[in-house]
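Trainee: no sequence on this one, just coordinates:
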């Protein structure tokens, strides 16, 4: 391992020296009673000096003093044993040479006292740090599994050490730690479970050296991200090492996770996830009737799962796909067996059925996730873009108006900003209608706009996974194309925070609701990512080298695709909200007086299959639209 870090003289060294000299004094006294009898006191002090010198040499040879006592494991106890053996051996040899004889009771008694004190002190420190948990203490004696891979762990020092200790509780350690790259910057130069702690601020230069050193002793080496908050530099450094040395990259998302998982592309996106408060959506949802449309889709099903954990009084799942509805209903029923779940196979385009459903269930919270979202397909089927993305939204919103739902949320998209396709144009028209509802009732109706969700049926991630599994080629429409990405879990979490914000659940210091003055919320998506770079990352995470083992090719932009998406119009003023990760977009221009009438006409024209007329009117409602085609 790299030795560029000079470990400081620590409390551990001073503690070991104190316990060692105490053991030597007491042990020698008990062995021959030199001081007690007042005989040979010079010899006694000479022996103390020899033993103390041996202890110093042993401590610096084994470096056992570098280990933090409250992190103690079987590895540290073994090093303490080595320290005592070396010190005793040095004492025995030098005593034999210097005095021509040795009392073997001396090293035996001193070694016993020293082992008892040094190991006992470490065990006691470990016991105290674990809150008096004897099970945690027993974990000290569990070794590393036979054949365990060498592991370079990346993360905050305390989380890494806590994770390793938790792993020991149920059996041998499944990995062999060889280094800890601390992203928190504490305990640098110390060691735990045989692994030296290195300064994470130097990860770019250190990680290749540590990896090279580990590969000398074992072929099976893994880099492991511990926790889920890592800097872009750490992520990129790990990817570079994976690419160069062909080592594996894994993750331990939670403290003590029994199974190491593969690092997914979302783990190395280069954006920091927002820490979300659980109490905010809980206040909104608990004991309420919540209706989710598109409940079987990627976003809808995650919405249903997150809503379910906040104990709604009733959860209404609305989905027009029989298979998707069955799947999400079964999944939730198994995970939340006591929850009142009602699945409804209803198409949001069917106004009569939507009205009947609302009359029956009277939802208090409505989250409208149902949508058609495949851009190239909707360029070929503009009628369905209008009927679902605009007509379906209007049907559900109108029903929410009539039944006075507490809050309505439309799941929108960055493609609604200066749209270049039918999907985005219909979504923008839907945003305008929700704004119209907001202004009509003075609140309650909101749109939440955000970019791509990783892993959804319309995203590039599943496409790339299929192509990589076939050894390529991986297809990218344009080398310079960028997109915003967010995990579905984080996106949905923020949507629910936004719903709570809109419903007035979030309060200020005076316990008054923090009112939203505008109906359009926009999620903080971080920085856009180049699709080409994303493809390279996915290939490397699969254990291959891009461009040599798996090719990446440009196929040309598809109908309706933009090179770069946008999150805001130039006519919107960005405002922060009370929730970290959510912005409010204040429109600078009023809505047209005939908006509702024209939107209703667009939907009617689409229903009559008069697509050209419907598109022409839609372009007047959304003048920013620049459609690829108007077929």
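Mentor: Structure's in. What do you need? Predicted, not measured: the structure shown is a model, and the values here were computed from it. Numbers count the residues shown, from 1 in each chain.
Trainee: use CA for all of it now, contacts and neighbours both
Mentor: OK.
Trainee: count of neighbours near residue 589?
Mentor: 8 (other C-alpha atoms under 10 Å).
Trainee: Skipping adjacent residues, who's closest to it in space?
Mentor: Of all residues not flanking residue 589 in the chain, residue 571 sits nearest, at 7.3 Å (C-alpha to C-alpha, 6 or more residues apart in numbering).
Trainee: so that neighbour makes contact with residue 588?
Mentor: Yes - in this structure residue 571 lies within contact range of residue 588 using C-alpha atoms under 8 Å: 5.6 Å.
Trainee: From residue 227, how far out is residue 159?
Mentor: As judged by C-alpha to C-alpha, to the nearest Å, residue 159 and residue 227 stand 7 Å apart.
Trainee: can you pull the contacts of the residue nearest to residue 589?
Mentor: 587, 588, 589 (C-alpha atoms under 8 Å, 6 or more residues apart in numbering).
Trainee: And those residues, which is closest to residue 50?
Mentor: Closest approach between those and residue 50, by C-alpha to C-alpha: residue 587, at 82.9 Å.
Trainee: Got the phi and psi for the residue lying closest to the closest one once chain neighbours are set aside?
Mentor: Of all residues not flanking residue 587 in the chain, residue 572 sits nearest, at 4.6 Å (C-alpha to C-alpha, 6+ apart). For residue 572, the backbone dihedrals (degrees, to the nearest 10) come out as phi -120, psi 140.
Trainee: what does residue 450 give?
Mentor: Dihedral angles (degrees, to the nearest 10) for residue 450: phi -160, psi 170.
Trainee: wouldn't it be in contact with residue 522 here?
Mentor: Yes - proximity of residue 450 to residue 522 meets the contact threshold set by C-alpha under 8 Å, at 6.0 Å.
Trainee: intersection of neighbour lists for those two?
Mentor: Common neighbours of residue 450 and residue 522 are listed as residue 567 (criterion: C-alpha under 8 Å, 6+ apart).
Trainee: Packing partners of the host helix or strand of residue 359?
Mentor: Residue 359 belongs to helix 351-361 when assigned by DSSP states H and E. If contacts are counted by 3 or more C-alpha pairs under 8 Å, 6 or more residues apart in numbering; DSSP states H and E, helix 351-361 sits against helix 393-402.
Trainee: Okay, now the sheet partners of the helix or strand hosting residue 367, with direction.
Mentor: Using DSSP H and E, residue 367 maps to strand 365-368. Applying DSSP bridges, strand 365-368 is found paired with strand 289-293 (parallel), strand 407-411 (parallel).
Trainee: mind checking how far the last one is from the chain centre?
Mentor: In this case it means strand 407-411. 26 Å (C-alpha atoms, centre = their mean, to the nearest Å).
Trainee: Tell me the buried residues in the next helix or strand after it?
Mentor: Tracing the chain C-terminally past strand 407-411 and defining elements by DSSP H and E, one meets helix 422-441 next. Under the neighbour-count criterion of 16 or more other C-alpha atoms under 10 Å, helix 422-441 has 422-439 buried.
Trainee: Mind giving me the packing neighbours of helix 422-441?
Mentor: Packed next to helix 422-441, using 3+ C-alpha pairs under 8 Å, 6+ apart, are helix 375-380, helix 393-402, strand 445-449, helix 595-607, helix 611-621.
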